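Novice: Based on what follows, work out the 3D shape:
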Amino acid sequence: MKTGAQILLECLTKEGVDTIFGYPGARTLLVHDALHGNEDFRHVLVRHEQGAAHAADGYARTTGRVGVCLTTSGPGATNLVTGIATAYMDSVPMVALTCQVTTADIGNDAFQEADMTGITRPITKHNYIVTDVDDLARIVREAFHVARTRRPGPVLVDLPSDVLAAATDKPIPESVARRGYQEVPTLNKKQLKRAAGIINGAKRPLIYAGGGVVMAEAVEALRSVAGKGNIPVTHTLMAIGAMDHASPLSIGMLGMYGAFYANMAVSECDCLIAVGARFDDRVAGRVDAFAPKARIVHIDIDPSSIRKNVQVEVPIVGDARQALEGLLGLVEERDRGPWLEEIQEWRKEFPLPAPQSPDLMPHEVIEAIRNVAGEAPLIASDVGLSQMWTANYFGFSGARQYITSGGLGTMGYALPAAVGAALGNPGRPVIAINGDGAFQMNVQELATCAHYGLPVKTIILNNGKLGMVRQFQKVFLKERFAATCLGPGVDFCTVARGFGVQAFKVERKADLQGTLARAMAAPGPAVIDVDIDPDCYCFPMVPPGKKATEAIFCAEDWEG
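Specialist: From the prediction side, this is the model:
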């Protein structure tokens, strides 16, 4: 006979879980007691439950494995909600284990009771509440199966404390299957041939790569198809690193804050091959004007994503890697020199801006970070201007190297996600890049870094403002700045040292490179607070409701 808590851990072992990000409470007592002395698991005590969800997310994004977080009932569980929604929007495989009041107390407004299956139904791929210990093993194994297969996503398992205490001798299933759930949809080869015919006949084809390419481990297949057909590739925020930035076929990120030449390529291409992308509003802008000259091929494992926002000529429901590998044998070698030269001319005419100032500029900081980051660093970026500057200026060469909250845009993501990345990738440099506003949202996870000696280097691009919102106010509201100045500056170095983390301050350009190098070389975690020009913004920017080619390059360009 085994208790529910023991069965839970045995299931996690069978799923290959070795790291759990958690925070204890009265309802987790039996699980944490079973974890005590168990050398199969590393339980990472975060300082806030939202940190547990983001750490599990960062672990999953950088390793490709399912991330696991564990909390108590009520507020402990509800504190996971933002992190679960973040993972849901970006298709990140995660299993959230929330302990619950007893089954007899459910629905009675018991102390620290919250309906987690009801609360999280819109933001999980699936969720469960276990009411019988005999069902526990099947449900836990099924949760992992659902989280990692097809289009990945978070799954929540709610665990009443009496179920964790109950005992059973029912064996743990070696495998599970859900009726009607197809792990990988059957690829339509006729549609692949149709797509290949359009691609081969195109003079100006363009691949639009989304996060599904990374999640499907389809990076090599993507690069092979692009190379064989001599097809340029643009990518979304979620697909950064799918193409080596140094490749002549890589034309950078498209969309609202993307490279203007990438948006021009979308506007002028005659064939657009979208792979693992969903044509979201930050990419497509005005959908009626997106890729207006192109015949569109859309490959996605989720049929609900196809034709949801943009009409396409050839829909292909399937795994991105399988589809690209199938296309590789069908796509013909072509000389597309004139098309590539046209894109190169746009790149020369409209390069990414490199504004100059006596103060440190963001692109200078990002380039300096790149110079000291070492081989294949993992970069966790927070949301806002720091996110866009990192995405555009760092120059990534590999997939799963850059992680950020894309669909939900969650401030406070970078530091806890970097915790997960560091624990999942020992020995690799891990850097969290934040704005000063976002950094303060989960600053408590510095204590987690100090506790476990994690070599996370946290860099703050400090402008004293909520920069992205302030940019909107500057451009669209005629500089009526409301609630975007963070007031008297926080002494982040003192804050970091209070958590037991060494800290460095950079105020002058002459000190930047050397200070970053010292921080990177120092053992353990570090915070580097870098003052940047407070009036620097992220341009070009495509205003909401405008075509991708109607970008503005400074605030004065807006005439709306």
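
Novice: Residue 505: how many residues sit nearby?
Specialist: By other Cβ atoms under 10 Å, 16 other residues sit near residue 505. Using the backbone N, CA and C atoms, a C-beta is placed for each residue, glycine as well.

Novice: Can you verify my assumption that it contacts residue 529?
Specialist: Yes: taking Cβ atoms under 8 Å as the definition, residue 505 is a contact partner of residue 529 at 5.1 Å.

Novice: Pull up the overlap in contacts between the two.
Specialist: Shared contacts of residue 505 and residue 529, defined by Cβ atoms under 8 Å, 6 or more residues apart in numbering, comprise residue 493.

Novice: which residues of the stretch 351-500 of the chain fall in strands?
Specialist: In the stretch 351-500 of the chain, the segments counted as strands under DSSP state E, counting those that start in this stretch are 378-381, 402-404, 430-435, 456-462.

Novice: Tell me which residues of stretch 481-496 come out buried.
Specialist: If you call a residue buried by 16 or more other Cβ atoms under 10 Å, then stretch 481-496 has these buried ones: 484, 486, 490, 492-493, 495-496.

Novice: Return the per-residue confidence for residue 178.
Specialist: pLDDT for residue 178: 81.

Novice: swap that for residue 381, sorry
Specialist: pLDDT, read off for residue 381, is 98.

Novice: re the thing from before, would you format the buried residues of stretch 481-496 as JSON lines with pLDDT and distance to residue 271 included?
Specialist: As requested, the buried residues of stretch 481-496 are exported to JSON lines (pLDDT from 0 to 100; distance: Cβ to Cβ, whole Å):
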{"residue": "484", "pLDDT": "95", "distance to residue 271": "42"}
{"residue": "486", "pLDDT": "94", "distance to residue 271": "47"}
{"residue": "490", "pLDDT": "94", "distance to residue 271": "51"}
{"residue": "492", "pLDDT": "98", "distance to residue 271": "49"}
{"residue": "493", "pLDDT": "98", "distance to residue 271": "53"}
{"residue": "495", "pLDDT": "98", "distance to residue 271": "52"}
{"residue": "496", "pLDDT": "98", "distance to residue 271": "51"}
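
Novice: Switch those over to JSON lines; also include distance to residue 67.
Specialist: What follows is the buried residues of stretch 481-496, written out as JSON lines (distance: Cβ to Cβ, whole Å):
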{"residue": "484", "distance to residue 67": "33"}
{"residue": "486", "distance to residue 67": "31"}
{"residue": "490", "distance to residue 67": "30"}
{"residue": "492", "distance to residue 67": "28"}
{"residue": "493", "distance to residue 67": "31"}
{"residue": "495", "distance to residue 67": "27"}
{"residue": "496", "distance to residue 67": "26"}
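
Novice: Residue 558: which of the residues you listed is nearest?
Specialist: residue 484 (17.6 Å; Cβ to Cβ).

Novice: Tell me how far that closest one lies from residue 473.
Specialist: 6 Å (Cβ to Cβ, to the nearest Å).

Novice: for residue 245, same thing?
Specialist: In terms of Cβ to Cβ, residue 245 sits 32 Å off from residue 473.

Novice: The two - which one has more neighbours?
Specialist: Higher neighbour count among residue 245 and residue 473: residue 473, with 18 against 15, using other Cβ under 10 Å.

Novice: quick one: which of the strands of the stretch 351-500 of the chain is nearest residue 219?
Specialist: strand 402-404 (12.8 Å).

Novice: Which strands or helices does the closest one pack on?
Specialist: If you count contacts as 3 or more Cβ pairs under 8 Å, 6 or more residues apart in numbering; DSSP states H and E, strand 402-404 packs onto helix 49-63, strand 378-381, helix 385-393, helix 414-424.

Novice: In JSON lines: those, plus mean neighbour count and distance to residue 454.
Specialist: Below are the helices and strands packed on strand 402-404 laid out as JSON lines (neighbours: other Cβ atoms under 10 Å; distance: least, Cβ to Cβ, whole Å):
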{"stretch": "helix 49-63", "mean neighbour count": "30", "distance to residue 454": "10"}
{"stretch": "strand 378-381", "mean neighbour count": "28", "distance to residue 454": "12"}
{"stretch": "helix 385-393", "mean neighbour count": "25", "distance to residue 454": "20"}
{"stretch": "helix 414-424", "mean neighbour count": "31", "distance to residue 454": "4"}
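
Novice: I'd like these laid out as CSV, including distance to residue 548.
Specialist: Formatted as CSV, the helices and strands packed on strand 402-404 follow (distance: least, Cβ to Cβ, whole Å):
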stretch, distance to residue 548
helix 49-63, 27
strand 378-381, 23
helix 385-393, 15
helix 414-424, 27
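
Novice: returning to what we had before: take the buried residues of stretch 481-496 and keep only those in helices.
Specialist: Cross-referencing the buried residues of stretch 481-496 against helices under DSSP state H gives 492-493, 495-496.

Novice: returning to that earlier point: do you know which of the helices and strands packed on strand 402-404 lies nearest residue 8?
Specialist: Closest among the helices and strands packed on strand 402-404, once you apply Cβ to Cβ, is helix 49-63, at 16.0 Å.

Novice: who does the next helix or strand after that closest one pair up with?
Specialist: With elements assigned by DSSP states H and E, the helix or strand that comes after helix 49-63 is strand 67-71. Counting by DSSP bridges, the strands paired with strand 67-71 are strand 19-22 (parallel), strand 94-100 (parallel).

Novice: CA atoms of the first one as PDB?
Specialist: Coordinates of the C-alpha atoms in strand 19-22 are reproduced here as PDB (Å, rounded to 0.1, in the frame of the first residue of the first chain):
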ATOM      1  CA  THR A  19      13.400  19.400 -10.300                       C
ATOM      2  CA  ILE A  20      10.300  20.800  -8.600                       C
ATOM      3  CA  PHE A  21       9.800  24.500  -8.000                       C
ATOM      4  CA  GLY A  22       7.600  25.000  -5.000                       C
END
